[in-house]
Every structure is written in structure tokens, then in C-alpha cells.
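Chemist: Predicted model, plus sequence, below.
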Amino acid sequence: MLWTAAADKGLIELRPFACIFIFTCMKRAIHLLLLFCPLVILGQKQGIQFKIQYLPEHVYSQTIDQTVHTEIRSGGDKKPRINTRQTRTQAVIKTGKLNGSEFPVTMEFAHSTGNQEKQPIPDGTILFGKISEGKAPVFDSIYSPDMDNEIKKLLLQNLQSIMVQIPFPDAELKPGEKFTQEIPFSLPMAGETIVMLIRMTYKLKKVENGLAYFDIRDQVTLKKGSDKFKVSSSGKGQGSFVYDLSSHFPTEYDAGLKLKMKANISGTVTEVEMDNSTHQQITITTVQ
């Protein structure tokens, strides 16, 4: 469904807005795959040191169940326009053979089901890139015949921003200690692009029976608005995940994120509220 706010004047195009928000919430799940499939070392005092180390010729598979509830008010609407999107997405990251100091990587959105006719990320969408030893993946292109070019560009831009800004702790992380990550993401609005920032704080709760338990807290702020119109935005979220130390991999992840946005464009006020919940499960295998 293509929603155009502000009395159909094209002031706020909500299809890319919704797609980017949904993908950004998915990125919070995906980025755990990108962040924590590296080598994890358990120290003598139960300190954990994170070092990114993707392995060539491996398959990182995940299933993401997501619900996004959206409410939109525009131009004095008495009742909000309400939409609830439920999806299950199967995403697979595959790494190829080592060639010198780097190896190829793909991320495929293999299959999605949900209660909407058109899914935000079409089945068969594949991102291509490479990994240098000891570094994060770098994706540089997307194959997706059914995806708009504008959304392709935004998805690649937003995904790449997370790849280059993951602040891995240099020292061992002990129970009770925290580290943070900031994820910028772009949203199209009235012919301009605003930039929002999700600040994610991770806290290691405990390590026992070969499992590490983390809490996550999110804070969303507006990083860059517009000189042509007024816009405000805020949000917060929380979640948790369980990390299996024997396989050096997170096995389960749950999170919620609420976002509010308000824009006044040419005297028309539009308010958007989005509430996202995500559950993720991950497995890792070698390429056969």
C-alpha cells in the first residue's frame, strides 16, 4: 500500500519511509549477526573480548519475525490511518573462498511471508560485497529487480553506515560493563533527506553455563533536519540476546523500538508513530 501524507500533496512519501524504518529495525537484528559472529574469547575472570573475524566459506542463516504497527495523522485527521505489518524473513550471509587477504560475501533476503501483498524487501534481494581479514563486510551493490532504485540506494547507504561504525571494545568485557554503538539512517521527506540516529547501549548481564546474556537499550534522536520545514523525531527501545560461547554466535535476539515523528510542511502537520518488535534466531554452518 502506498501512503502519501499531507492530503495527497506528495509532501511526505511514506512508502520509502516505512521501508527504511522496517529495514532499520531489521538491521538491529542483522547487525548482531555482523557484530557477534566474530571470534569471542572467554577470559579467566569471565571477561569477553570481541574481535571481528568473519570466516571464509561459511553460511550465517537467520530467521527474523517482525511486527510493525504504524499510525498516521495528517492535515487535522480525526482518526489516524492504521496499518500493522507482520513479516517473517529468512536472510542468509554467505562467504566465499579466501583470495589473498580478502574473500567475497553476499547477503540474501531469501524468503519473506506476511500479511501484506507487497513485502518491504522483495524475495531474492541480494547484496554483494567483500571482507578483508579482521574487518567488517563492505557491501557495494544490490540485485533486486522489483525494488525501486531510490529504496535500493537508501538501503545500501543505511546498511553500509552500520558496517563502518561498530565500536568493538578493545578490552575484555565483564558482567555489568557496557559498550555503545551509534547507527545513523536516512529518511526521504518532501524532496529532502533527514538523518536520524539510533544510539544502542549493550550491557553484559552474566555469563553462565556457556551462555552470555546481554541487555540492549536504544535511544533515537534527530541528527539532521531540514531548512525548508520543521521536523522533530524521537524514540526508544529495549531488547536482549543470548550468546552461545561454544559456537561464538548469538542464538536468540528480541527487541522493540518505538518511533515518533512530526513534520510541518507548508502549514500541513503530519504525525507518524511506529512501533516495531523483532524476534531473531540464528544458525551457522560451513559451505558444503
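Modeler: That came through, no problem. Please read all numbers here as calculations on a predicted model, not as lab measurements. Numbering: from 1, shown residues only.

Chemist: where does the chain dip in pLDDT?
Modeler: 1-53, 116-120, 134, 158, 160-170, 246-249 (pLDDT under 70).

Chemist: helix or strand for residue 151, which one?
Modeler: helix 149-163 (DSSP states H and E).

Chemist: next structured bit after that helix?
Modeler: Taking DSSP H and E, what comes next after helix 149-163 is strand 178-189.

Chemist: Partner strands of that next one and their direction?
Modeler: strand 192-208 (antiparallel) (DSSP bridges).

Chemist: so the helix or strand just after the partner strand versus strand 178-189, what angle?
Modeler: The helix or strand immediately downstream of strand 192-208 is strand 211-224, counting by DSSP H and E. Calculated by axes from the mean of the first three to the mean of the last three CA atoms, to 10 degrees, strand 211-224 forms an angle of 40 degrees with strand 178-189.

Chemist: now residue 227, what's its secondary structure?
Modeler: Secondary structure state of residue 227, per DSSP: H, G, I helix; E, B strand; the rest coil, is coil.

Chemist: what's the neighbour count on it?
Modeler: 5 (other CB atoms under 10 Å). (Each C-beta comes from the backbone N, C-alpha and C, glycine too.)

Chemist: likewise residue 210?
Modeler: The tally of other residues near residue 210 (other CB under 10 Å) stands at 11.

Chemist: Against which helices or strands is the strand ranked longest in the chain packed?
Modeler: Among the segments of the chain that qualify as a strand by DSSP state E, the longest is strand 268-286. Other elements packing on strand 268-286 under the criterion 3 or more CB pairs under 8 Å, 6 or more residues apart in numbering; DSSP states H and E are helix 5-8, helix 14-36, strand 58-74, strand 249-265.

Chemist: excluding its backbone neighbours, what's nearest residue 71?
Modeler: Sequence neighbours aside, residue 80 is the residue nearest to residue 71 in space, at 4.2 Å (criterion: CB to CB, 6 or more residues apart in numbering).
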